[in-house]
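Visitor: Could you work out the structure for the sequence below:
(one chain, ligands or ions: 1)
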Amino acid sequence: MNDRAPGLVAAELVAELVRPEIRALSAYAVAKAEGMVKLDAMENPYPLPESARSQLEATLSQVPINRYPDGGGDALRTALRRAFAIPGELGLILGNGSDELIQIITATLARPGAAMLAPEPSFVMYRMNALYSGMRYVGVSLKPDFELDTAAVLAAIERERPGLVYLAYPNNPTGNLFAARDVETILRAAPGLVVVDEAYHAFAGASFLSRVPEFANLLVLRTMSKVGMAGLRLGYAVAAPEWIAEFNKVRQPYNVNALTQAAVMALIADGSWIAEQASAIRAERQRLGAALARLSGATVYASATNFITLRLDGAARVFEGLKARRILVKNLHGWHPLTANCLRITVGTPAENDQLLAACAELCP
Ligand code: PMP
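Guide: Now for the predicted structure:
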């Protein structure tokens, strides 16, 4: 081995030892966005209000970063319970983004042969985590109007008996909110845990959080990413304490860093700005959606999120044209048959949205 180029040897070892399904993947590509109007990643476009910024500055310099963080995030969990009305008798766990919680939940439930079920298209990390954890993935296509095909989901539940179901409520990348009674039907029929992923709840006006005590198999997943804190990476999950106790065994001991814990606590102490910004985004979503619907040949789908999914002729060409004009959106064409010719556009500031609409008018005369 010693007289051969280390790169060659490494490539052979990788071919021999790395799981083939991992070798077949490409790493998640985050689009380069410097100098671009960034409307591709469902971020909140508004900066922190001045008062929150000074509160943050005062807090962060006091954090003892020579010490490990509070492993369980006790103080932050108490603050989240107060801010989001999470009853004390329910279990609550924090994650390094809700992405990490998806990883923890999936790894915990990945018994040999167990299946994960999710509608398609939906958040891709569900399927990716099934692959990482060796769970059998069962995707059930949405209807062409992006509604849940409840009959098909129930048939798949009967056939596959999934230990884990993910429902994004509202759904990414389609933006719609599934009917609550369909989610309830699935909760009753599912033999395993049903994760209702409420990443976009601030824009939806609907939630299953208050229903957690009613369903032993319901977990509600949330994130601070869409309400102005994507850079901090904080997600949380609420379920019966029996579930949370198991997830805590899989969670890394210090998964949420001390600066994030302190920052989120400072930011939600007077969190009125969060609701104000979310409501400005909802108002802009309305204006942007109506304007996009006037583009020739465009179908704009109802959105309960901070993004708009639309279908239009030559979406790939429009995507490239926007990129050439320094505007980054998400091209959903090629993701799934149901999103052919679809673009997903995050709602920006009024000025960013005007810039986008002007570019669209040029590209779709
Ligand atoms: N769930 C859904 C439905 C999402 O769209 C996203 C982000 N795109 C996440 C979870 C992950 O969010 P984060 O890891 O930033 O909390």
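Visitor: And the residue of the stretch 251-365 of the chain at minimum distance from the ligand, its phi and psi?
Guide: When scored by CB to the nearest ligand atom, the stretch 251-365 of the chain has Thr305 as its residue closest to the ligand, at 8.3 Å. For glycine as for every other residue, the C-beta is placed from the backbone atoms N, C-alpha and C. When read as degrees, to the nearest 10, the backbone of Thr305 gives phi -130, psi -170.
Visitor: For it, give me the pLDDT.
Guide: On the pLDDT scale, Thr305 is placed at 98.
Visitor: list the contacts for it?
Guide: 42, 170, 172, 175, 200, 203-204, 226, 285 (CB atoms under 8 Å, 6 or more residues apart in numbering).
Visitor: how close does it get to Phe146?
Guide: 12 Å (CB to CB, to the nearest Å).
Visitor: same thing with Ile244?
Guide: Where Phe146 is concerned, Ile244 sits at a distance of 32 Å (CB to CB).
Visitor: neighbour-wise, which of the two wins?
Guide: Phe146 (20 against 17; other CB atoms under 10 Å).
Visitor: Give the closest residue to that one in space, chain neighbours not counted.
Guide: Computed as CB to CB, 6 or more residues apart in numbering, the closest residue to Phe146 that is not its neighbour in sequence is Thr174, at 4.0 Å.
Visitor: Can I take it that the one you found is in a strand?
Guide: No: counting by DSSP: H, G, I helix; E, B strand; the rest coil, Thr174 is located in no strand; its state is coil.
Visitor: Which other helices and strands does the helix or strand hosting Thr59 contact?
Guide: Here Thr59 is covered by helix 50-60, with elements defined by DSSP states H and E. Applying 3 or more CB pairs under 8 Å, 6 or more residues apart in numbering; DSSP states H and E, one finds that helix 50-60 contacts helix 258-269.
Visitor: now the helix or strand just after the helix it packs on against helix 258-269, angle please.
Guide: Downstream of helix 258-269, the first helix or strand assigned by DSSP H and E is helix 272-293. In terms of direction (axes from the mean of the first three to the mean of the last three CA atoms, to 10 degrees), helix 272-293 departs from helix 258-269 by 90 degrees.
Visitor: So which bits of helix 272-293 are buried?
Guide: Across helix 272-293, burial judged by 16 or more other CB atoms under 10 Å covers 273-274, 277-278, 280-282, 284-285, 288-289, 291-292.
Visitor: quick one on the thing from earlier: ok, residues contacting the helix holding Thr59?
Guide: 47-48, 259, 262-263, 265-267, 269-270, 273.
Visitor: Since that was my last question, I'll sign off now.
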